[in-house]
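>>> below is the sequence, then the predicted model.
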2 protein chains.
Amino acid sequence: MSLMIELPRPFLLFIGDVGEPGYAKTALGLRDWTPEHCTGEWALAGNPLRLGLPVLNPIEARAKGARSMVIGVAPIGGAVQPHWIAALLEALEAGLDLVSGMHTSLAEVPELSAAAARLGRRLIDVRRPPAGLPVAHGRRRSGRRLLTVGTDCALGKKYTALSLARAFEARGIATDFRATGQTGIMIAGRGIPMDAVVSDFLAGAAEVLSPEAASDHWDVIEGQGSLFHPAYAGVSLGLLHGSQPDVLVLCHEHGRKHVIGYGEDYPLPSLEEAMALHLAHARRVNPAARFAGVSLNTAGLTDEEAAAALAAESRRIGLPCADPMRGGEAFERLVDACLVA
Amino acid sequence: MSLMIELPRPFLLFIGDVGEPGYAKTALGLRDWTPEHCTGEWALAGNPLRLGLPVLNPIEARAKGARSMVIGVAPIGGAVQPHWIAALLEALEAGLDLVSGMHTSLAEVPELSAAAARLGRRLIDVRRPPAGLPVAHGRRRSGRRLLTVGTDCALGKKYTALSLARAFEARGIATDFRATGQTGIMIAGRGIPMDAVVSDFLAGAAEVLSPEAASDHWDVIEGQGSLFHPAYAGVSLGLLHGSQPDVLVLCHEHGRKHVIGYGEDYPLPSLEEAMALHLAHARRVNPAARFAGVSLNTAGLTDEEAAAALAAESRRIGLPCADPMRGGEAFERLVDACLVA
């Protein structure tokens, strides 16, 4: 048994009866980030939403090579909907495994667990970490590692890691994007959902996620939470220690002043304060750890405002500062700074 | 359902066939720390080990008020021994719940789970956190809180917290010792095993463990791991954030140079470095957080050496420095410093 979740690909993307794109983010993310691993899409009758992939039923998708069907939608509450079950059974019967990022476990739906057992199919919950994760050993591993970290949650750590991994690959560098959350795991096809790991094994899970590699290979690891977050800092620190990053990239949202959902008691740190605290911990496991620069989410700004903000912050902190969503020269400078030997 | 583990007391202490005191630490700890909650002791026939409590079988213990039987021994491997099962069933039949800190779950032993279900008895694993723990809310809570923290594992954080809680009580202060590990939970009769909590809920568990209280009430919280430990720092940070301590006491072992079991790559921090990093995190959730002093484990020293070491460290860092195992004036000064308003 692998200690990482491994998803059977390519996928058939299931969007059920969810017609609102805002609730189909998993399917849309997979279409955008890994179209080469998406054989087709499938919806319940009457759903007008289309992803732009071939429309295939499970039997057709299986014939074209699909190995699993991903539930690509997240209705409010995060539960498997009773009126989806016939379609999910149809996928199992067609020879597809099922992949879900929903809160409720697929195995808790009796019809699904019975059918999967009978047919020898797998029900894969990407929120469930694999069993048997070890306690961290703390030994340095060969290969190079980059971890995205943040002043808060939900400001671009996953997107930054994906963008950097793509940019490294575009430069001909052997790179793995290492996924630590459910959406990242769907995109990468494997990973470990760090926030669901039992605390004792957090850093050990991060070590498993990013194993020894060739000395010129890069793992670009998706950060989780924030050292400054009153609920999730433990996850961030375990991931930081186990990742042993050579390079850190700090993610921040321009203009965000407080931890989302935690109000005035929790102001965000300055970029300098955030970098200092991360380095204090990172150098414990890797004395050479350094920040390459800042990924600044400027989604709320115009192009001109964003360019000005990136230039001003870069000047102020003396490191490249880029918005991966905007790319451009600023982003290439950030990539350069990551790869400096 | 309580979100804290709650153990039915008083206890009958079961030591099975374990005659070696080194493997009966749980029973010996309970006898030493909470004799008032120990109705008696019970061993298998032929075991010469005695704890000094009344020797009672389960029926006798139940008649004297015992409510549960604690497995007070930990054989190598941490598994329930097959030749104990008849005795454990006898306890369930007598009306006692079973309490275990072993690695394997009591409920995984079919005979025990069947008997418990039939008799309406509970099988309580103190390594299993309660279900339904929340994500931390981060809001300040009334009451005062002290957390013991350490430069490493296994150097006296539990013992220090217990000693301080006893000292506070001796001064007439309303105090709860808040247990975060299996032995502490046995002693306190309740608590949450932090290292077994899913990472997302770590700080939330610490908030649950130390709820709102009267403004002059103290929670003395048992620390876990170390911010400097390559495997367990995440646990330590989640516990630190959720505890929102007013006062920290730093625990260290005199002469220890490296993280136990992690070798030369992991030197222990200086006391000053350890205090600075803890305060950087603690002040995020409680701007008034401060260190009262240092608890120095001097078990390896003579009385004279220990007194000299405590005096020298106290002078050097400008804070009280005491070994709770030795008590004395140095310890009273540490207690004073904790309680300064």
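Yep, that arrived.

>>> quick check: the residue lying farthest from the centre of chain A vs A:A94, distance?
Of all residues in chain A, A:R118 has its C-alpha farthest from the mean position, at 32.3 Å, by C-alpha atoms, centre = their mean. Applying C-beta to C-beta, to the nearest Å, the value for A:R118 to A:A94 is 14 Å. No exception for glycine: its C-beta is placed from N, CA and C like everyone else's.

>>> where's the residue farthest from the centre of chain A, which helix or strand?
Assigned by DSSP states H and E, A:R118 belongs to helix A:110-119.

>>> what residues of that helix count as buried?
Using 16 or more other C-beta atoms under 10 Å in any protein chain shown as the test for burial, helix A:110-119 gives A:112, A:115-116.

>>> stretch A:327-340 too?
Going by 16+ other C-beta under 10 Å, stretch A:327-340 has these buried residues: A:330-331, A:333-335, A:337-339.

>>> kindly report the same for stretch A:70-89.
Buried, per 16+ other C-beta under 10 Å, within stretch A:70-89: A:70-75, A:80-81, A:84, A:87-89.

>>> can you pull the contacts of A:G138?
Shown here is A:G138, whose contacts under the criterion C-beta atoms under 8 Å, 6 or more residues apart in numbering or on different chains are A:203, A:241, A:285, B:230-231, B:259, B:262, B:265-266.

>>> now A:H258. Its backbone dihedrals?
phi -130, psi 160 (degrees, to the nearest 10).

>>> partner residues bridging the nearest residue to A:A116 once chain neighbours are set aside?
The shortest distance from A:A116 to any residue other than its chain neighbours is 5.0 Å, reached at A:L123 (C-beta to C-beta, 6 or more residues apart in numbering or on different chains). Judged by DSSP bridges, the bridge partners of A:L123 are A:L98.

>>> so A:L123 touches A:T104, yeah?
No. In this structure, A:L123 is not within contact of A:T104 by C-beta atoms under 8 Å, at 11.6 Å.

>>> can you pick out the residue with more neighbours from those two?
Neighbours of A:L123 and A:T104, each counted by other C-beta atoms under 10 Å in any protein chain shown, are more numerous for A:L123; the result is 21 against 14.

>>> okay, that one: pLDDT?
A:L123 is assigned 97 on the pLDDT scale.

>>> could you do A:M1 as well?
Predicted confidence (pLDDT) for A:M1: 60.

>>> helix, strand, or coil at A:T180?
coil (DSSP: H, G, I helix; E, B strand; the rest coil).

>>> residues contacting it?
Contacts for A:T180 were tallied using C-beta under 8 Å, 6+ apart; they are A:191-194, A:206, A:209, A:221-224, A:239.

>>> filter those down to the ones in strands?
Of the contacts of A:T180, the ones assigned to strands by DSSP state E are A:191, A:221.

>>> can you tell me which of the contacts of A:T180 comes closest to B:G132?
A:P193 (19.3 Å; C-beta to C-beta).

>>> relative to A:A233, how far out is the closest one?
Taking C-beta to C-beta, one finds A:P193 at 17 Å from A:A233.

>>> now stretch A:233-246, how far from the centre of its chain.
Centre-to-centre, stretch A:233-246 and its host chain are 15 Å apart (C-alpha atoms, centre = their mean, to the nearest Å).

>>> only the buried residues of it, if you could.
In stretch A:233-246, the ones that count as buried by 16+ other C-beta under 10 Å are A:233-246.

>>> among these, which ones are in helices?
A:233-243 (DSSP state H).

>>> for those, which one is nearest B:S2?
Nearest to B:S2 out of these is A:G234 (C-beta to C-beta; 22.6 Å).

>>> what's near enough to touch the closest one?
Residues in contact with A:G234 (C-beta under 8 Å, 6+ apart) are A:199, A:202, B:199, B:202-203, B:234-239, B:241.

>>> ok, now which ones touch the residue nearest to it when sequence neighbours are not counted?
Excluding the flanking residues, the one nearest A:G234 by C-beta to C-beta, 6+ apart is B:G238, at 3.0 Å. Residues counted as contacts of B:G238 (C-beta under 8 Å, 6+ apart) are A:199, A:233-235, B:194, B:197, B:199, B:202-203, B:205-206.

>>> which outside residues touch stretch A:25-41?
A:9-15, A:21, A:50-56, A:60-61, A:64-66, A:70-74, A:101, A:162, A:182-183, A:186-187, A:189.

>>> what about burial for the residues you listed, which qualify?
Burial by neighbour count, judged by 16+ other C-beta under 10 Å, picks out A:9-15, A:51, A:53, A:56, A:60-61, A:66, A:70-74, A:101, A:162, A:182-183, A:186-187, A:189 from those.

>>> where does chain A have its least confident helix or strand?
helix A:25-33 (a mean of 92; mean pLDDT, DSSP states H and E).

>>> which positions within that one qualify as buried?
Buried positions in helix A:25-33, judged by neighbour count with 16+ other C-beta under 10 Å: A:26-31, A:33.

>>> low-confidence ranges, chain A, go.
Low-confidence segments of chain A, defined by pLDDT under 70, span residues A:1.

>>> list the contacts for the residue nearest the centre of it?
Closest residue to the average C-alpha location of chain A: A:G184 at 2.4 Å, with C-alpha atoms, centre = their mean. Applying C-beta under 8 Å, 6+ apart, we find A:G184 in contact with A:158, A:161-162, A:177, A:191, A:222.

>>> spatially, which two of those are the most separated?
A:L162 and A:G191 (12.1 Å).

>>> mutual contacts of those two, please.
Residues touching both A:L162 and A:G191 (C-beta under 8 Å, 6+ apart): A:184, A:222.

>>> hang on, A:D125 packs against A:S100?
Yes. In this structure A:D125 lies within contact range of A:S100 using C-beta under 8 Å: 5.5 Å.
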